[in-house]
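>>> Show me the folded form of this:
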Amino acid sequence: MAMESRNDTAQALAAAREALDRAEAAREAVLLRHIANGVQIASRTVFIDETVQIAPGAVILPGTILRGSTVIGPGCVIGPNALIEDSTVGAGTTVNASQVYASQIGPHNNIGPFTHVRAGTATDYGVHLGAYVETKNSRFARGNTVSHLTYIGDSDVGKYCNFGCGTVTCNYRLQHQPGGAGDGGGRRLHRRRQHRHPGRARRGPGHRTGPPGQRGGLGRPQDGGLHRQKTASGSRAGRAGLTRRRAPNIPQD
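Purely as a prediction, here's the structure:
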């Protein structure tokens, strides 16, 4: 009985080794095909699905995993240690030690390190999503900068906005509703970690938000909350051009 058990174990190990060898051979064949097509891959630690498309001139660094219907444009630098699944990455973009799922990354973007790009994210030309940034179901227009420690969800962001550390756009509604941010004109959108922009907040063009009395913020020092002002109609609108549609479960000011 003991002899039969050892034989079974040896046979199982031999079968597993053959399966692993076949998988490694198939993986290496994919790498060689891309290298022959002009893609720079200098490590066998890269994994690329058969269905992935990579343009000549792209660089794939060690530890990178490319899955599904991913398309990598020319001149991209992907990795090290990046995972991209079912996404398109535009020409000249860098994705460093980050994960991207079901998203459209524009040309000449700089993603990472340690960025989590969740499904539904779309970026235009020259967007930077930096360290410990998470995005979900959001659109970023040309030239946006989200440098670090920020969550942007269910948002539309206009051109050249700069999100400061700790900014959060969040959605407390029972149903998601669209919103957005207007063109920033290179201005800064800044919130402390405890402040949030509920539900796809809209930010008007060329404005900033921030804690009261602090450089880069808006509103008088005695102002509080979201630093908003009364409009002629009596409704409140952000000095940063911030407007939002409240859900019934959110009390009015």
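
>>> from here on, contacts and neighbour counts on C-alpha atoms
Fine.

>>> Just give me the neighbour total for Ile60.
27 (other Cα atoms under 10 Å).

>>> give the contact list for it.
Contacts for Ile60 were tallied using Cα atoms under 8 Å, 6 or more residues apart in numbering; they are Val39, Gln40, Ile41, Ala42, Val46, Val77, Ile78, Gly79, Pro80.

>>> Serialize the residues you listed to CSV and add fields for distance to Arg67.
Written out in CSV, the entries for those read as follows (distance: Cα to Cα, whole Å):
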residue, distance to Arg67
Val39, 16
Gln40, 18
Ile41, 16
Ala42, 19
Val46, 11
Val77, 16
Ile78, 13
Gly79, 14
Pro80, 15
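
>>> In strands, which of those residues fall?
Counting by DSSP state E, the part of the contacts of Ile60 found in strands is Gln40, Ile41, Val77, Ile78.

>>> any idea which of these is closest to Val168?
Proximity to Val168 was ranked across these by Cα to Cα; first place goes to Ile78, at 27.1 Å.

>>> pLDDT wise, what is the closest one at?
Model confidence at Ile78, given as pLDDT, is 98.

>>> returning to that earlier point: which one of the ones in strands among the contacts of Ile60 has the most neighbours?
Neighbour counts for those, by other Cα under 10 Å, peak at Ile78, which reaches 27 neighbours.

>>> ok, it touching Gly57?
No - with contact taken as Cα atoms under 8 Å, Ile78 and Gly57 are classed as non-touching, separated by 11.6 Å.

>>> separation between Val95 and Gly112?
6 Å (Cα to Cα, to the nearest Å).

>>> just Ile72 next, same as before
When distance is defined by Cα to Cα, Ile72 is 16 Å away from Gly112.

>>> Neighbour count: the two, which is higher?
Between Ile72 and Gly112, counted using other Cα under 10 Å, Ile72 has the larger neighbour count: 27 against 24.

>>> where do the contact lists of Val95 and Gly112 overlap?
Shared contacts of Val95 and Gly112 (Cα under 8 Å, 6+ apart): none.

>>> tell me how far the ends of stretch 136-149 are from each other?
Here the two ends of stretch 136-149 are set 14 Å apart, with distance taken as Cα to Cα.

>>> Averaged pLDDT, that stretch. What do you get?
Rounded to a whole number, the mean pLDDT of stretch 136-149 is 95.

>>> now swap in stretch 48-68 and tell me
Across stretch 48-68, the per-residue pLDDT values average to 98.
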